[in-house]
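Novice: Generate coordinates for the sequence data below:
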Amino acid sequence: MGFKLPTSPTSTSSSAAPGSPADRSQVSAITVVVLLDRLVSMLGVVQENQRRMESRQAELEGGVKRVQGDVGRLTRAHVTTAGSVGKLLERSRKVGDGMKEVKERMEKQGA
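Specialist: Sure thing, here's the model as predicted:
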């Protein structure tokens, strides 16, 4: 963070007696600086974790888009297949009806 800490809590330009209000104030200031430095470190870790999560989310979004595209293609293929199956069933019914008619005619001719 760029803060310079004194080498000892009592090393100031004015020599404060240990335990004096000036000495306690200096110790409190050093404590605040240390806490701020830790906070900066923690924020750096949080930002790095957030960056990684955003990257992972982008990867997941890409995967979801690919799956959506695959589902769309599968849906179109299903519609096409359903249409083809419907046509085949209709032809099968027509052939079955034709076979029935032929069978009935043959039975009439045989009777």
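Novice: Look up the pLDDT of Ser15 for me, please.
Specialist: Looking at Ser15, its pLDDT stands at 57.
Novice: And the helices in this protein, which stretches?
Specialist: For the chain, applying DSSP state H gives helices covering 21-110.
Novice: can you list the weak-confidence ranges in it?
Specialist: Applying pLDDT under 70 to the chain picks out residues 1-19, 111.
Novice: So what's the residue count around Ser25?
Specialist: 11 (other Cβ atoms under 10 Å). The C-beta positions use only the backbone N, C-alpha and C, and glycine is treated the same way.
Novice: do you know how far it is from Val32?
Specialist: Look at Ser25 and Val32: by Cβ to Cβ, to the nearest Å, they are 11 Å apart.
Novice: same check, this time on Ala77
Specialist: Distance of Ala77 to Val32, given as Cβ to Cβ: 66 Å.
Novice: same thing with Thr81?
Specialist: In terms of Cβ to Cβ, Thr81 sits 72 Å off from Val32.
Novice: just Gly44 next, same as before
Specialist: Separation of Gly44 from Val32 (Cβ to Cβ): 19 Å.
Novice: again, but for Arg56
Specialist: Taking Cβ to Cβ, one finds Arg56 at 36 Å from Val32.
Novice: again with Glu101
Specialist: 101 Å.
Novice: again with Leu39
Specialist: Relative to Val32, and taking Cβ to Cβ, Leu39 is found at 10 Å.
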